[in-house]
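1. structure for the following, please:
(2 chains)
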There are 2 protein chains.
Amino acid sequence: MYRIDGERLWQSLAAMAEIGPGEAGGSSRLALSEEDRQGRALFSQWCGAAGLSLAVDPIGNLFARRPGLDDQAAPVVMGSHLDTQPKGGRFDGVYGVLAGLEVMRSLNDADIQTDRPLELAVWTNEEGARFTPAMLGSAVFTGQLPLAEALATCDRDGISVATSLERTGYAGDQPLGRAFDSYFEAHIEQGPVLEDEGLAVGVVTGGQAICWLDVCVRGTAAHAGTTPMARRRDALFGVGRMLAALEDLASRFGDGLVTVGQLDVARSSRNTIAGEVRFTLDLRHPQDQTLAALETAARDCLAAVADERGLSLDVQRHWLSPATPFAADCVGAVREAVQALGYPHRDIISGAGHDAIHLARHCSTAMIFIPCAGGLSHNEAESASFDDVRRGADVLFNAVLARAGRQER
Amino acid sequence: MYRIDGERLWQSLAAMAEIGPGEAGGSSRLALSEEDRQGRALFSQWCGAAGLSLAVDPIGNLFARRPGLDDQAAPVVMGSHLDTQPKGGRFDGVYGVLAGLEVMRSLNDADIQTDRPLELAVWTNEEGARFTPAMLGSAVFTGQLPLAEALATCDRDGISVATSLERTGYAGDQPLGRAFDSYFEAHIEQGPVLEDEGLAVGVVTGGQAICWLDVCVRGTAAHAGTTPMARRRDALFGVGRMLAALEDLASRFGDGLVTVGQLDVARSSRNTIAGEVRFTLDLRHPQDQTLAALETAARDCLAAVADERGLSLDVQRHWLSPATPFAADCVGAVREAVQALGYPHRDIISGAGHDAIHLARHCSTAMIFIPCAGGLSHNEAESASFDDVRRGADVLFNAVLARAGRQER
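-> Down below sits the predicted model:
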């Protein structure tokens, strides 16, 4: 088995974190900002030193290429993103890019040539913190978002993606949607599962299905001091029962996730019985069919509470994103690599969005997760251990080599 | 038994509603606004026509007086308020003032002299819609709020009570806190009880005790897609259980009322597990001791849910207002009047705040409630029937006469 140089990768992560340094050990490199430009410049400099050629597409996605023996073959691509949240950590996205760079450097060290060309992608605006939607660059590349629409998107100051690409010098002309053989992305888990179970690596089998519902519950607003309990149609006490029922529901659907993130009482006042309450419902499950059943069950339990209490109920589906199973061949390459390396691991579902979710609709795709402390991310305190960082990149190295074919000189 | 002139009272209510007319049949006369000034001017004109003398105190409370045979005796006072909510009804407050005026007019019609002098009070800023606190004029008169503090209070445009009194010409010099023999206030119920039970009159036995708590529940904010259900410390699902437990609690405390009117999820986002939820809790009961027990039980049930779920809990008491039992002699005078008149009635607690609650700390006090449609108030659609308006004023007439002593000429 091949191994990368853990020290070199760790130092690169530390050096990149100094571009747009945060106050608490993290980084602030909003997409296509001056800081992001500087981060890309440092990355490009490293790529040049590693003998990689650089190309940029019209949405600013950056591709560093190492030729293959069969250079006309579709490339095996690694990648992730260099942009961060306003107060982001030093691993989210950056790890996948620099682990890929470390693979390129280690290939050079070992003087290995691959059959297929290798590429390392830096996707534009993955975080969505400056421009909406998140994962914008990979969405445009894979044809899921029209280029013109993405270019016209503006930040809060009214500055468009197009203007920002011009300013930073990242409006390129490499064609969008080129064929890839496969795509591999290493990333911190952004959840607590691997850490809890003492595992080094998560073999990501896909992205879960997500259903977002908007719920409005209406009762009767009335005076808190003059309305007997038995006469009330209290929308908020009704919602209390709904929250309890929704939470109980999750346990009936295995890996189902149920979250009410936003809740507002309309025209609320301390001494007025709530007449109208709106809340959001985020339902997730790895399988589309089970998510559909979970949605039905959630709607049923909302309706049961509303009926029982004489409340009116409106439930609208805001968004539905189907499950994204990753390709068995790429997931298999990751699993074989981690098994051969002997690192403790498990299969895991990606709960958050990633560029790999878009890429999975374009080519065979897999992801490699490493633990992050406390499951914390989107926070300067985000952290991953030296050993986990090293082991995740070892897995990436071997999976990519297996996929690309190799010849040692 | 004496009876007032229902038609005249009804017409006066209609005429007053034309001052600051609402779009939907109600009125808009914010305290000490130009509309309020016009309402007071119309009232003063009616008082002059009825032979009443007028005096104003330094907080703008207006007193219309009818001499007694023993004019040095402390007066029997009727009253309420003429200010309204921004989109208020035509009965809230106005009814108590104009029912009192109708009593004065009916005394003239019947050529009755009372032993004690009678006064009719218009209290300043009862609604609290323009200046905080509500019931400001009666609080100052009865010494529960310092005059200087009340005068310095400003509305949202920074205009003070003092300035508004100057502008409207209602900064008077009659002494505050004069001795009253007793105080009687007629008012719409602002709740559904009398209407539900088909009764014409509520004999108000006092104001209930109120306890306001501020509750903050903290869990851990985390990603809705990457955090397994078993790993969550979801503050909002915790609050859901608290709401259910609080609602169940009310039934264990007889006439106890439990309301959560405001609830906010801090830094809420659709795909973030709620890390912090704040809500208000409004607890009411006619007896102080039972309210204290209800507060303890509420705190216990919040703590039980928080402990069980590993949430942190902070509960602060925001306000405590003790129960205000009305004087047995005045309540008795109302009860005897309504019984003698043969109107269907019941004893009832005042759930809302009223000037009478302040007056009860100053002199023997009672209130008379009449039904309002659907219990609705603070709404232009507020309504009361002609017959109920008439019957409530009949009760006021006879209770006041019994208290003041009478000689027909």
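2. for the residue lying closest to A:Leu30 once chain neighbours are set aside, grab the count of nearby residues.
-> Residue nearest to A:Leu30 in three dimensions, not counting chain neighbours: A:Arg130, with 4.3 Å by Cβ to Cβ, 6 or more residues apart in numbering or on different chains. From N, CA and C alone the C-beta is placed, and that goes for glycine too. Neighbour count for A:Arg130, taken as other Cβ atoms under 10 Å in any protein chain shown: 24.
3. contacting residues for A:Arg130?
-> Going by Cβ atoms under 8 Å, 6 or more residues apart in numbering or on different chains, A:Arg130 touches A:Leu30, A:Ala31, A:Leu32, A:Ser33, A:Asp83, A:Asp155.
4. if you set the cut-off to 10 Å instead, what comes out?
-> Shown in contact with A:Arg130 (Cβ atoms under 10 Å, 6 or more residues apart in numbering or on different chains): A:29-33, A:36, A:83, A:85-86, A:136, A:153-157, A:159, A:161, A:164.
5. do A:Arg403 as well
-> A:Arg403 makes contact with A:76, A:114-116, A:118, A:181-184, A:329-330, A:332-334, A:337, A:364, A:366 under the criterion Cβ under 10 Å, 6+ apart.
6. ok, A:Ala200 next?
-> So A:Ala200 contacts A:194, A:338, A:341-346, A:369-371, A:385, A:387-388, A:390-392, A:394-395 (Cβ under 10 Å, 6+ apart).
7. strands - which of the residues you listed land there?
-> Applying DSSP state E to those, the entries found in strands are A:His345, A:Arg346, A:Phe369, A:Ile370.
8. for those residues, work out which two are farthest apart.
-> A:Arg346 and A:Ile370 (12.4 Å; Cβ to Cβ).
9. who has more neighbours, these two?
-> Higher neighbour count among A:Arg346 and A:Ile370: A:Ile370, with 28 against 14, using other Cβ under 10 Å.
10. from B:Phe386, how far out is the more buried one?
-> A:Ile370 is 78 Å from B:Phe386, where distance means Cβ to Cβ, to the nearest Å.
11. got it, and A:Leu283?
-> A:Leu283 is 55 Å from B:Phe386, by Cβ to Cβ.
12. ok, these two, which is more surrounded?
-> A:Leu283 (26 against 12).
13. any residues in contact with both of A:Arg346 and A:Ile370?
-> Common neighbours of A:Arg346 and A:Ile370 (Cβ under 10 Å, 6+ apart) are A:Leu194, A:Leu199, A:Ala200, A:Val201, A:Gly202.
14. and those, which is closest to B:Val239?
-> Nearest to B:Val239 among the shared contacts of A:Arg346 and A:Ile370, with distances taken as Cβ to Cβ, is A:Leu194, at 30.1 Å.
15. ok, and the closest non-adjacent residue to the closest one?
-> A:Pro371 is the one closest to A:Leu194 (Cβ to Cβ, 6+ apart), at 3.9 Å.
16. again, but for A:Asp355
-> A:Ser138 (3.8 Å).
17. secondary structure class for the one you found?
-> helix (DSSP: H, G, I helix; E, B strand; the rest coil).
18. burial of it, as a residue count?
-> So A:Ser138, with other Cβ under 10 Å, has 31 neighbours.
19. got the contact list for it?
-> Taking Cβ under 10 Å, 6+ apart, one finds A:59, A:61, A:79-81, A:121, A:123-126, A:144-145, A:183, A:185, A:353-359, A:361-362 in contact with A:Ser138.
20. now it: how far from A:Gly79?
-> For A:Ser138 relative to A:Gly79 (Cβ to Cβ), the value is 9 Å.
21. what's the overlap in contacts for these two?
-> With Cβ under 10 Å, 6+ apart, A:Ser138 and A:Gly79 have common neighbours A:Asn61, A:Ala121, A:Trp123, A:Tyr183, A:Glu185, A:Asp355, A:Ala356, A:Leu359.
22. make JSON lines out of those and add secondary structure, neighbour count and distance to B:Asp71.
-> Formatted as JSON lines, the shared contacts of A:Ser138 and A:Gly79 follow (DSSP: H, G, I helix; E, B strand; the rest coil; neighbours: other Cβ atoms under 10 Å in any protein chain shown; distance: Cβ to Cβ, whole Å):
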{"residue": "A:Asn61", "secondary structure": "coil", "neighbour count": "25", "distance to B:Asp71": "94"}
{"residue": "A:Ala121", "secondary structure": "strand", "neighbour count": "27", "distance to B:Asp71": "97"}
{"residue": "A:Trp123", "secondary structure": "coil", "neighbour count": "31", "distance to B:Asp71": "91"}
{"residue": "A:Tyr183", "secondary structure": "strand", "neighbour count": "29", "distance to B:Asp71": "98"}
{"residue": "A:Glu185", "secondary structure": "strand", "neighbour count": "32", "distance to B:Asp71": "94"}
{"residue": "A:Asp355", "secondary structure": "helix", "neighbour count": "31", "distance to B:Asp71": "90"}
{"residue": "A:Ala356", "secondary structure": "helix", "neighbour count": "29", "distance to B:Asp71": "92"}
{"residue": "A:Leu359", "secondary structure": "helix", "neighbour count": "28", "distance to B:Asp71": "95"}
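23. what number of residues lie near the residue of the stretch 51-200 of chain A found nearest chain B?
-> The minimum distance from the stretch 51-200 of chain A to chain B, using Cβ to the nearest Cβ, falls at A:Gly191 (3.0 Å). For A:Gly191, the count of nearby residues is 28 (other Cβ under 10 Å).
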